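In: I would like to see how this sequence folds:
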Amino acid sequence: MSLITASLAHLERLIAFPTVSRDSNLALIDHVEALLRAAGASTTRVLSDDGRKANLHAILGPTDRPGVMLSGHTDVVPVEGQAWSSDPFVLRRADGRLYGRGTADMKGFIACALAMAEQARGRPLRVPLVLSLSYDEEVGCLGVRRLLGMMQQMPVKPRFCIVGEPTLMQVVNAHKGKTSTRIDCIGAEAHSSLPDAGMNAIHMACDVIAGLRGLQGSICQQGHHDHGYEVPHTTVHIGRIHGGEALNIVPNHCWLDFEIRHLPQDDIDGLMAQVAEIAATVRAEARQRFPQADVRLSPLSSYPALHTPADAEVVAFVKSLTGGNSVGQISFGTEGGLYARELGIPTVVCGPGSITQAHKPDEYLADSELAACCTMLGRLLDWAR
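Out: Next comes the predicted model:
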């Protein structure tokens, strides 16, 4: 069976597992682990605290020398509220496209990796090929951190890492980092006819938002710019806000969630210190009237930027597999920055599909992208033999 035919079969099965981040991925892990063991891989699971989810680390070939690791995540984003043309968890092939939740982000890459592993069955490898699958990437690269702890204890670590996020098969050497934070504004309730008798927490949140927007303006005007990125500067984004219980009550609580997606050369600690100053200013003004008023920052998730030099050995190696000449940068993040920072593994991102199709109704992966990924992994397998 060809790599493409096998990859299509694997993708159909993988899409059928509705591995939304909030739900368990164990059924998919059971399925994938059985396939990899049948192909001769040695496998290790790293479970979440509650045991409902698992990372999977699999090694094909020798374990006493560094090899190439293929990294991907098993979770997908929800489909509720999206107008799909067909069942998002049933693979549909039409007009040269493969439709389904996770086809582009990023079960297409995992399907190709499984097909490659099956072709390695019974054929000795001189260099190990590693498949590393994590959970909860979509909510902040949470699962992979437990996997990193296990890998730090391994006597031999991979020589290179390829993260298979969708890049249209372009080799990507850099991406932004991200830090997500919740800000709770605590005021004091009162009847809405007597607003000065209370402290409006929503108004406090508006002042915080004004400060965050001011920070964004300062970054745009004075911060670093790298035009290799579609958005060339660090971004500050407020994505969620909630406050108040009834219109006739001065709200005593309002929270907002924001993120900073930062260029590799920007100091995230320095940026967060500026956010803390914004919160301190709003807090101090509120406490002039109500000493119990507060503005609290709580971290939600974070991952580091990736910045592999364009002339690094891993870049040239993966370009030799894809046949491409260019190197790109992406604004979205991956676990690649963690592998590079925590384990020192030279890492690039390269996978089938386009991020513009991810997280949307009728997400799809072009047939040609699946074929190109199979070509890359077929060359990798030939090199490893």
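
In: I'd say residue 287 and residue 281 touch.
Out: No - the pair residue 287 / residue 281 is not scored as a contact, 11.0 Å apart, by CB atoms under 8 Å. From N, CA and C alone the C-beta is placed, and that goes for glycine too.

In: any idea which element residue 168 lies in?
Out: Residue 168 is located outside every helix and strand, with elements delineated by DSSP states H and E.

In: so which bits of stretch 260-267 are buried?
Out: Across stretch 260-267, burial judged by 16 or more other CB atoms under 10 Å covers 260-264, 266.

In: residues in contact with the nearest residue to residue 194 once chain neighbours are set aside?
Out: Among residues not flanking residue 194 along the chain, residue 250 sits closest, at 8.0 Å (CB to CB, 6 or more residues apart in numbering). Neighbouring residues of residue 250 by CB atoms under 8 Å, 6 or more residues apart in numbering: 187-192, 194-195, 197-200.

In: which strands or helices does the helix or strand of the chain with the lowest mean pLDDT pack on?
Out: Between all helices and strands in the chain, the lowest mean by mean pLDDT, DSSP states H and E belongs to helix 143-152, at a mean of 93. Packing contacts for helix 143-152, counted by 3 or more CB pairs under 8 Å, 6 or more residues apart in numbering; DSSP states H and E, involve strand 42-47, strand 54-60, strand 129-134, helix 336-343.

In: tell me which helix or strand the closest residue to residue 85 other than its chain neighbours sits in.
Out: Closest residue to residue 85 apart from its sequence neighbours, by CB to CB, 6+ apart: residue 362 at 5.4 Å. Assigned by DSSP H and E, residue 362 falls within no helix or strand.

In: what is the neighbour count of residue 362?
Out: Using other CB atoms under 10 Å, the number of residues around residue 362 comes to 17.

In: wait, doesn't it sit right on residue 92?
Out: No - under the criterion of CB under 8 Å, residue 362 is not in contact with residue 92, lying 9.0 Å apart.

In: now do the shared contacts for the two.
Out: Common contacts of residue 362 and residue 92, defined by CB under 8 Å, 6+ apart, comprise 86, 99.

In: buried residues, stretch 351-371. List them.
Out: By neighbour count with 16+ other CB under 10 Å, stretch 351-371 contains the buried residues 351-353, 355, 357-359, 362-367, 369-371.

In: just checking, what's the longest helix in this protein?
Out: Criterion DSSP state H: the longest helix present in the chain is helix 201-222.

In: mind giving me the packing neighbours of that helix?
Out: Here helix 201-222 touches strand 177-186, strand 235-243, strand 253-262, helix 268-287, going by 3+ CB pairs under 8 Å, 6+ apart.

In: after the first one comes which helix or strand?
Out: In this case it means strand 177-186. Remark: after strand 177-186, the chain's next helix or strand is strand 190-191, criterion DSSP H and E.

In: other residues contacting that following strand?
Out: Counting by CB under 8 Å, 6+ apart, 196-198, 248-250 sit against strand 190-191.

In: show me what it pairs with in its sheet, parallel or antiparallel.
Out: Next to strand 190-191 in the sheet, as set by DSSP bridges, lie strand 249-250 (antiparallel).

In: quick check: mean pLDDT across the strand it pairs with?
Out: Strand 249-250 carries an average pLDDT of 97.

In: quick one, what contacts residue 228?
Out: 174, 328-329.

In: for residue 107, the count of nearby residues, please.
Out: Number of residues near residue 107 (other CB under 10 Å) recorded here: 31.

In: ugh, typo on my part, it should be residue 79
Out: 17.

In: same check, this time on residue 321
Out: If you count neighbours by other CB under 10 Å, residue 321 ends up with 20.

In: residue 116 versus that one, what's the distance?
Out: The gap separating residue 321 from residue 116 is 12 Å, by CB to CB, to the nearest Å.

In: next: residue 39.
Out: Taking CB to CB, one finds residue 39 at 9 Å from residue 116.

In: what's the answer for residue 187, then?
Out: Here the criterion is CB to CB. By it, residue 187 lies 57 Å from residue 116.

In: quick revisit: residue 30: which of the contacts of residue 250 is nearest?
Out: Among the contacts of residue 250, residue 187 lies closest to residue 30 (CB to CB), at 49.3 Å.

In: phi, psi of residue 94?
Out: Backbone torsions of residue 94, given as degrees, to the nearest 10, read phi -160, psi 140.

In: rewinding a little: widest-spaced pair of the contacts of strand 190-191?
Out: 196 and 248 (15.3 Å).

In: in stretch 132-140, what's buried?
Out: So for stretch 132-140, counting by 16+ other CB under 10 Å, buried means 132-138, 140.

In: can you pull the domain assignment for this protein?
Out: The chain breaks down by automatic domain parsing into domains covering 3-175+305-384, 177-303.

In: tell me the most buried of those?
Out: Stretch with highest mean neighbour count among these: domain 3-175+305-384 (a mean of 20; mean count of other CB atoms under 10 Å).

In: re the thing from before, got the helices and strands packed on helix 201-222 as a markdown table, with mean pLDDT columns?
Out: A markdown table is the format used below for these (pLDDT from 0 to 100):
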| stretch | mean pLDDT |
| --- | --- |
| strand 177-186 | 97 |
| strand 235-243 | 97 |
| strand 253-262 | 98 |
| helix 268-287 | 98 |
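
In: quick one, which of those is nearest to residue 345?
Out: Smallest distance to residue 345 across the helices and strands packed on helix 201-222 (CB to CB): 16.9 Å, for strand 177-186.

In: elements contacting that closest one?
Out: The helices and strands touching strand 177-186, judged by 3+ CB pairs under 8 Å, 6+ apart, are helix 201-222, strand 253-262, helix 268-287, strand 294-303.

In: how about the ones you listed in CSV, adding distance to residue 146?
Out: Shown next, in CSV, are these (distance: least, CB to CB, whole Å):
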stretch, distance to residue 146
helix 201-222, 32
strand 253-262, 23
helix 268-287, 23
strand 294-303, 14
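
In: ok, now how distant is residue 228 from residue 349?
Out: Separation of residue 228 from residue 349 (CB to CB) stands at 14 Å.
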